[in-house]
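Enquirer: I need the structure of the sequence given here:
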Amino acid sequence: MRTPFRLALAALCSVCAGCASYRPEPLDTAPRMARDVAHIEVDAARMPLPALRSHRFDPGDGLDIDEVAMLAVANNPRLRLERDRLGVARAQAFAAGLLPDPQLALTRDFPTNGGPGDTSAFSAGLSYDVNALLTRSARSAAASASARQVNLELLWQEWQVVGRARLLFVRSLEQQRLLDVLHENQKLFAKRYRYVQAALAEGNTTLDAAAADLAALQDAGRQINELERQQRRNRVDLNRLLGLAPDAELRLVGGAALPPLDAAQVKASLAQLARRRPDLLALEAGYQSQEERFRAAVLAQFPALNVGLTRARDTSNLYTQGLGITLSLPIFDGNRGNVAIERATRRQLHDEFQLRLNDAAAEVTALLGDQKLLAAQLAGVKSALATLEQASASAAAALQAGNLGELAYANVQSGLLAKRVEAVTLEQRILEQRIAILTLAGSTAK
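Expert: Just a heads-up that it's a prediction; the model follows:
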């Protein structure tokens, strides 16, 4: 008479034998940031862009712009979190595809004041939620689309990290160029101030002129100090992006070797932007996931059906067996609220995708326009710079011949250095915008 209970106990033991085990994983209570790039493994095959997958990573001779981007993708802490998030999404997709478990119900009753012939009673029932099978396909498809969305969002984050790494690399190089020009400018102002001080002592100039040159010298020092702080901040930001300690030393080599940018080709590629940019593809996957959730909500409108088999014995030793069906009556709820929510959410995601697509195209178009304007400005500055360089050469010759004073020569050099600062600043802005265009337009995916 105890057979159902023995069978249930055996089934329970066999199920528990395949269960996962628990193992604690304590948190680290101390910061862990690498200081030596040589000990960080970078797998070129896992890089998000073809240009990086074909590039050799060798930090022994310094880091060029592509090696910095590769290191950022491999060791960026936020990307590590995004990859963990992808693992969660894949686990959710796995869970959504599992079949629902049946339910086993067991009872045992013992008579307390019965007569002769009475025996203990029991009942055993096995039931299954049929509606869970109806919505399983939609739920599984929704979870798979969500996992694909997270994967594409990770790819987009990697693209952005590549762009950010290139930006900080270029900014570091251009800041050093600008700092060299400012130091040269400071030397010139210091020399001119010494000349003015001597002229003031001899009574050949006014105190106002000396004060103006002192102010110019102090302003040059202020610009250098400000740029050095920016350079330090940029290096700290770069180290943080690379997952390194703030004071880790990096040797950056090479120039700003960026993929070629064809404005006409970029404009033509905007029509295919939704098929190129991972963030837009991620939104599309999210929309597909919502479509499946909407379909699951529609399927859940059908009456909930639960089917079960029972086997029982009463206290008079009478055995029975039967079939049980539980059916909900969708009179008041009928899952209409959830259907309305999922439908409205789908509309929201539909409009969000269109908005993001429009904004992406508009942003790239605006940056292309700025590139054209900055290129024209840079051409004008370079033309003026060529003129000033000729004037500087003539002034140097005149100074050597004794036909030009030190103060006049210093003024010519000051104008030349100011124009060089302007040229370096414009070149940096052009490079930074070019990196943004390559990222936003998906051109780096080639």
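Enquirer: and V236, what helix or strand is that in?
Expert: With secondary structure defined by DSSP states H and E, V236 is part of helix 207-241.
Enquirer: Show me what whatever helix or strand comes next after that helix packs onto, helices and strands only.
Expert: As assigned by DSSP H and E, the chain's next helix or strand after helix 207-241 is helix 263-269. Under the contact criterion of 3 or more C-beta pairs under 8 Å, 6 or more residues apart in numbering; DSSP states H and E, helix 263-269 touches helix 336-401. In this view, the C-beta of every residue, glycine as well, is placed from N, C-alpha and C.
Enquirer: State the next helix or strand along the chain beyond the helix it packs on.
Expert: helix 406-440.
Enquirer: elements contacting that following helix?
Expert: Using 3+ C-beta pairs under 8 Å, 6+ apart, helix 406-440 sits against helix 130-201, helix 336-401.
Enquirer: Report the inter-axis angle for the first one versus helix 406-440.
Expert: Helix 130-201 and helix 406-440 are oriented at 170 degrees to each other (axes from the mean of the first three to the mean of the last three C-alpha atoms, to 10 degrees).
Enquirer: Could you tell me which ranges of the stretch 1-150 of the chain sit under the pLDDT cut-off?
Expert: 1-18 (pLDDT under 70).
Enquirer: Next up, phi/psi of V307, please.
Expert: When quoted as degrees, to the nearest 10, the phi and psi of V307 stand at phi -110, psi 140.
Enquirer: Ignore what I typed, I meant S54.
Expert: phi -100, psi 10.
Enquirer: Could you measure from it over to L368?
Expert: S54 sits at a distance of 27 Å from L368 (criterion: C-beta to C-beta, to the nearest Å).
Enquirer: More neighbours: these two, which one.
Expert: L368 (19 against 10; other C-beta atoms under 10 Å).
Enquirer: what sits against that one?
Expert: Contacts of L368 were listed using C-beta atoms under 8 Å, 6 or more residues apart in numbering, and they are 263, 266-267, 437.
Enquirer: rerun at 10 Å
Expert: Contact analysis of L368 by C-beta atoms under 10 Å, 6 or more residues apart in numbering lists 261, 263-264, 266-267, 270, 433, 437, 441.
Enquirer: Check which helices and strands the helix holding V236 is in contact with.
Expert: Packing contacts for helix 207-241, counted by 3 or more C-beta pairs under 10 Å, 6 or more residues apart in numbering; DSSP states H and E, involve helix 65-75, helix 77-96, helix 130-201, helix 406-440.
Enquirer: For the very next helix or strand once past the second one, name the packing helices and strands.
Expert: Put plainly, it is helix 77-96. Downstream of helix 77-96, the next assigned helix or strand under DSSP H and E is strand 103-109. Helices and strands touching strand 103-109, by 3+ C-beta pairs under 10 Å, 6+ apart, are helix 3-17, strand 121-129, strand 305-313.
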